[in-house]
Every structure is written in C-alpha cells, then in structure tokens.
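In: Could you look at this predicted model? Sequence included:
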Amino acid sequence: MTRSGDEDDDPNDPSHPDYDLSNSAPYDFDEPYEKPWFLRRWVLLLVSVIVLVGLLLPYLWRVS
C-alpha cells in the first residue's frame, strides 16, 4: 500500500511534524500571563513607600 502525496501532508497524522500545533498544545500563548496581585508593580511601589514613610516618621518627629 502506497500513500499519495496528499496523505503525506495531513497535519492530523501523528507522524507529521505539525501534528500537535493546535490551540490545546503547550505552545499556545494567546492568553497573556497574569501576575499574582502581590507581584504587580503598583502594589510593590505602594508597600515600598509605606515602609520608607514608616522608617522616616520617627526620625522626623524627633528632629522637629
């Protein structure tokens, strides 16, 4: 049994190089990766400012 040229190009054949290039394959990057809430830039910036203010307030109260 010989295969015709059309059957060799069937992407549904498991031996075809493009067999698993579907939306369910792990190479599908359509959905953007969303960081957890504690790693977002604005949360880190807010926490940093609160820590700095907390460290500076006792010094500023003592000086004035």
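Out: Good, I have the coordinates.

In: Identify each buried residue in the longest helix along the chain, please.
Out: The longest helix of the chain (DSSP state H) is helix 41-63. Residues of helix 41-63 classed as buried by neighbour count (16 or more other CB atoms under 10 Å): none. Placement of C-beta: from N, CA and C, glycine included.

In: any residues touching that helix, and which ones?
Out: Outside helix 41-63, the residues that touch it by CB atoms under 8 Å, 6 or more residues apart in numbering are residue 37.

In: Mean confidence (pLDDT) on it, please.
Out: The average pLDDT for helix 41-63 rounds to 93.

In: Can I get that helix in PDB? Just the C-alpha atoms.
Out: Extracted C-alpha coordinates of helix 41-63, given in PDB (Å, rounded to 0.1, in the frame of the first residue of the first chain):
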ATOM      1  CA  ARG A  41       4.200  46.900  40.200                       C
ATOM      2  CA  TRP A  42       1.800  49.300  41.900                       C
ATOM      3  CA  VAL A  43       1.500  47.000  44.900                       C
ATOM      4  CA  LEU A  44       5.200  46.800  45.300                       C
ATOM      5  CA  LEU A  45       5.600  50.500  44.900                       C
ATOM      6  CA  LEU A  46       2.900  51.200  47.500                       C
ATOM      7  CA  VAL A  47       4.400  48.800  50.000                       C
ATOM      8  CA  SER A  48       7.900  50.300  49.500                       C
ATOM      9  CA  VAL A  49       6.600  53.900  50.100                       C
ATOM     10  CA  ILE A  50       4.700  52.800  53.200                       C
ATOM     11  CA  VAL A  51       7.900  51.100  54.600                       C
ATOM     12  CA  LEU A  52      10.000  54.200  53.800                       C
ATOM     13  CA  VAL A  53       7.500  56.500  55.500                       C
ATOM     14  CA  GLY A  54       7.300  54.200  58.500                       C
ATOM     15  CA  LEU A  55      11.100  54.300  58.800                       C
ATOM     16  CA  LEU A  56      11.400  58.100  58.400                       C
ATOM     17  CA  LEU A  57       8.500  59.200  60.600                       C
ATOM     18  CA  PRO A  58      10.100  58.600  64.000                       C
ATOM     19  CA  TYR A  59      13.200  60.400  62.900                       C
ATOM     20  CA  LEU A  60      11.300  63.400  61.600                       C
ATOM     21  CA  TRP A  61       9.100  63.600  64.800                       C
ATOM     22  CA  ARG A  62      12.300  63.600  66.900                       C
ATOM     23  CA  VAL A  63      14.000  66.300  64.900                       C
END
